[in-house]
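Visitor: Please find the sequence and the predicted model below.
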Number of protein chains: 2
Amino acid sequence: MKKSFGAQTLIFPTPVWCVGSYDKDGKPNVMTIAWGGICCSKPPAVTISLRRATYTYHNIMARGAYTISVPSHEQARAADYFGMASGKRENKFEKAGLRPAKSDLVDAPYVAEFAMVLECRVMHTYEIGLHTQFIGEILDVKVDEAALDENGKPDMAKVAPFVYAPELQHYFRIGDAVGPAFKIGKELF
Amino acid sequence: MKKSFGAQTLIFPTPVWCVGSYDKDGKPNVMTIAWGGICCSKPPAVTISLRRATYTYHNIMARGAYTISVPSHEQARAADYFGMASGKRENKFEKAGLRPAKSDLVDAPYVAEFAMVLECRVMHTYEIGLHTQFIGEILDVKVDEAALDENGKPDMAKVAPFVYAPELQHYFRIGDAVGPAFKIGKELF
């Protein structure tokens, strides 16, 4: 038997991503979101959803660009703070003791200390309801050399991202490997 | 120093969700996606991205509905298969030994054996490029009673979802709790 939870934004898991932008005075800001995901392979694109009430919404509308910095579970305190505080009132980078790095591709800053970073140019915006979707073309993905595996690829345990669980309002680490994609299901053909 | 990976769909983590639909003859189909996420709180909505070449694309276009069933890492083999096989040629439910359950809210089936299920009505479709976004209003979320915690909420360890890592092409479990959201960052104010 399944229990009904009604019409709500409950699904496991959702990402914890920190969206970087500049305001009209060039002050760097960063905001944590869980409403987003990859939305296209060609061009490579990622969507994030923001409420119009956020500082970041207006920053991105004006600059046409944003970054996504992926925090590790050891950086969860800062990421959680970035999701609660508003750039209208606070310099969130300063408060968290983290450095904004200027993207050389788009007009937005990323979190220098976070291991994985995407630099995005806004392709489209779509009004869904309370949230607006920003569709960002991914111009580059950058990963700390210290977070790479022996093959030069991003190492899951070193990037060490975490996820958000709606309804539980709790964060969880990524754990052990399950198996290779496009392979473990082949025996069912 | 960060290493540049170029313009590609590389970000950690992405979800592993199985999208249910009916074809024109009423045959249930299910396809695994990693390109998607929650996109709006009011109305509650989730986006999934599909290529026009997929069977599921045409099913959803015709029926205006889909479901998302969340597999556990113990069901990863079936989920991986659902992402490789095409409903044009195979009855994927039968091959995987899983049962399609008809949604009582939308014109789409879900995977009865998967613990968490969302029933969605298509609100919008947006052409991004190779992929089309389907924005689905979430009409209900259903979770197995056996996957609930002592408070009647979905238990992360029992739902036991897993994530996909692009570039690595590997699946990973969700692991230990990190801490409560909207709380652990409060000390930075």
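Guide: Yep, that arrived.
Visitor: got the end-to-end distance for stretch A:93-104?
Guide: For stretch A:93-104, the separation between the terminal residues is 19 Å (C-alpha to C-alpha, to the nearest Å).
Visitor: hey, which strand is longest across chain A?
Guide: Counting by DSSP state E, the longest strand found in chain A is strand A:131-144.
Visitor: Alpha carbons of that one, in CSV - could you do that?
Guide: Provided in CSV are the C-alpha atoms of strand A:131-144 (Å, rounded to 0.1, in the frame of the first residue of the first chain):
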residue,chain,number,x,y,z
HIS,A,131,9.1,30.1,-9.6
THR,A,132,10.8,31.2,-12.8
GLN,A,133,13.0,28.8,-14.7
PHE,A,134,16.4,30.0,-15.9
ILE,A,135,17.8,27.8,-18.7
GLY,A,136,21.5,28.3,-18.8
GLU,A,137,23.8,27.1,-21.5
ILE,A,138,26.8,25.5,-19.9
LEU,A,139,29.9,27.2,-21.3
ASP,A,140,32.4,25.4,-19.1
VAL,A,141,32.7,23.0,-16.2
LYS,A,142,35.7,23.4,-14.0
VAL,A,143,36.8,21.0,-11.3
ASP,A,144,39.6,21.3,-8.7
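Visitor: Strand partners (parallel or antiparallel) of that strand?
Guide: Applying DSSP bridges, strand A:131-144 is found paired with strand A:45-51 (antiparallel), strand A:116-127 (antiparallel), strand B:2-4 (antiparallel).
Visitor: Quick one: residues in contact with the last one.
Guide: It stands for strand B:2-4. The contact list for strand B:2-4 (C-beta atoms under 8 Å, 6 or more residues apart in numbering or on different chains) reads A:117, A:140-145, A:148, A:152. Using the backbone N, CA and C atoms, a C-beta is placed for each residue, glycine as well.
Visitor: Pull out the buried members of those.
Guide: Applying a neighbour-count criterion of 16 or more other C-beta atoms under 10 Å in any protein chain shown, the buried members of the contacts of strand B:2-4 are A:117, A:140-144, A:148.
Visitor: Between those, which sits nearest residue B:32?
Guide: Comparing the buried ones among the contacts of strand B:2-4 against residue B:32 with C-beta to C-beta picks out residue A:141 as the nearest, at 22.9 Å.
Visitor: Spatially nearest residue to residue A:11 (excluding sequence neighbours)?
Guide: Among residues not flanking residue A:11 along the chain, residue B:118 sits closest, at 5.9 Å (C-beta to C-beta, 6 or more residues apart in numbering or on different chains).
Visitor: Ok, residue A:189 next?
Guide: Nearest to residue A:189 is residue B:85, by C-beta to C-beta, 6+ apart, at 6.5 Å.
Visitor: Would you confirm that that neighbour contacts residue A:182?
Guide: No. With contact defined as C-beta atoms under 8 Å, residue B:85 does not reach residue A:182; the gap is 11.2 Å.
Visitor: and those two? which has more neighbours close in?
Guide: Between residue B:85 and residue A:182, counted using other C-beta atoms under 10 Å in any protein chain shown, residue B:85 has the larger neighbour count: 23 against 12.
Visitor: Now do the strands for chain A: every range, in order, please.
Guide: Per DSSP E, chain A carries strands over the ranges A:2-4, A:14-15, A:17-22, A:28-33, A:36-40, A:45-51, A:65-70, A:100-102, A:109-111, A:116-127, A:131-144, A:162-165, A:170-180.
Visitor: Tabulate those strands (TSV), appending mean pLDDT.
Guide: Compiled in TSV, the strands of chain A are given as follows (pLDDT from 0 to 100):
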stretch	mean pLDDT
strand A:2-4	98
strand A:14-15	98
strand A:17-22	98
strand A:28-33	98
strand A:36-40	98
strand A:45-51	98
strand A:65-70	98
strand A:100-102	98
strand A:109-111	98
strand A:116-127	98
strand A:131-144	98
strand A:162-165	98
strand A:170-180	98
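Visitor: count of residues packed around residue A:25?
Guide: 5.
Visitor: likewise the one 4 residues further on?
Guide: Using other C-beta under 10 Å, residue A:29 has 26 neighbouring residues.
Visitor: about what we covered before: tell me the contacts of the residue nearest to residue A:189?
Guide: Taking C-beta under 8 Å, 6+ apart as the contact definition, residue B:85 lies against A:185, A:188-189, B:92, B:95.
Visitor: Chain neighbours aside, what residue packs nearest to residue A:70?
Guide: Of all residues not flanking residue A:70 in the chain, residue A:116 sits nearest, at 4.0 Å (C-beta to C-beta, 6+ apart).
Visitor: which residues does that neighbour form a beta bridge with?
Guide: Beta-bridge partners, per DSSP bridges, of residue A:116: residue A:70, residue A:143.
Visitor: doesn't residue A:140 make contact with it?
Guide: No. Judged on C-beta under 8 Å, residue A:116 makes no contact with residue A:140 at a distance of 11.5 Å.
Visitor: if I pick the residue of chain A most remote from its centre, what's in contact with it?
Guide: Going by C-alpha atoms, centre = their mean, the residue of chain A most distant from its centre is residue A:189, 35.5 Å out. By C-beta under 8 Å, 6+ apart, the contact set of residue A:189 is B:81, B:84-85, B:95.
Visitor: now do residue A:105
Guide: Residue A:105 makes contact with A:119, A:121, A:139-140, according to C-beta under 8 Å, 6+ apart.
Visitor: quick check, nearest of the buried ones among the contacts of strand B:2-4 to residue A:49?
Guide: Comparing these against residue A:49 with C-beta to C-beta places residue A:117 closest, at 19.7 Å.
Visitor: The closest one and residue B:15: what is the separation?
Guide: Here residue A:117 is placed at a distance of 21 Å from residue B:15 (C-beta to C-beta, to the nearest Å).
Visitor: for residue A:94, same thing?
Guide: Taking C-beta to C-beta, one finds residue A:94 at 33 Å from residue B:15.
Visitor: Pretty sure residue A:100 sits against residue A:109.
Guide: Yes. The pair residue A:100 and residue A:109 qualifies as a contact (C-beta under 8 Å) at a distance of 3.8 Å.
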